[in-house]
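Trainee: Just to be clear, the model below is a prediction. Sequence and coordinates:
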Amino acid sequence: MNTDDIHHAIDRQVPAMRQRGFTIGTTAGQISIPPGWIADRMADHLTRALQCELLYETKDRYHQQPSVQGPDTLLNRRKADQHDH
């Protein structure tokens, strides 16, 4: 899932699960969950799982950014200035 999919699920799909209930499809058949306490509890768990996935995606994107430790960083320029004096 990408971040847009996750936001859509949290904003639209999970609230619909609470309000209308939902169906889980398995290879052995379907499980129908009506609105109520089970739907609420499963929606809570799914929300937490999606938030964790969103955090992972955000963190992964942050770590893919180019490093700022190149030769032109302020720290490296200060070290070079100290050696020149």
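Mentor: Ah, there it is. This structure is a prediction, so every number in the text was calculated from the model and none was measured.
Trainee: where exactly do the strands run in this protein?
Mentor: Remark: strands assigned in the chain by DSSP state E are 22-26, 29-33.
Trainee: in the protein, which helix has the most residues?
Mentor: helix 37-63 (DSSP state H).
Trainee: For that one, buried residues please.
Mentor: 39, 42, 43, 46, 47, 50, 53, 54 (16 or more other Cβ atoms under 10 Å). Backbone N, C-alpha and C define where each C-beta goes, glycine included.
Trainee: got a list of what the residue nearest in space to the middle of the chain touches?
Mentor: Centroid-nearest residue in the chain, with Cα atoms, centre = their mean: residue 54, separated by 0.4 Å. Residues near residue 54 by Cβ atoms under 8 Å, 6 or more residues apart in numbering: 3, 6, 7, 10.
Trainee: ok, now with 6 Å
Mentor: Contact partners of residue 54, counting by Cβ atoms under 6 Å, 6 or more residues apart in numbering, are residue 6.
Trainee: Please report how far it lies from residue 27.
Mentor: Residue 54 sits 29 Å away from residue 27 when distances are taken as Cβ to Cβ, to the nearest Å.
Trainee: Then residue 4?
Mentor: Distance from residue 4 to residue 27, counting by Cβ to Cβ: 29 Å.
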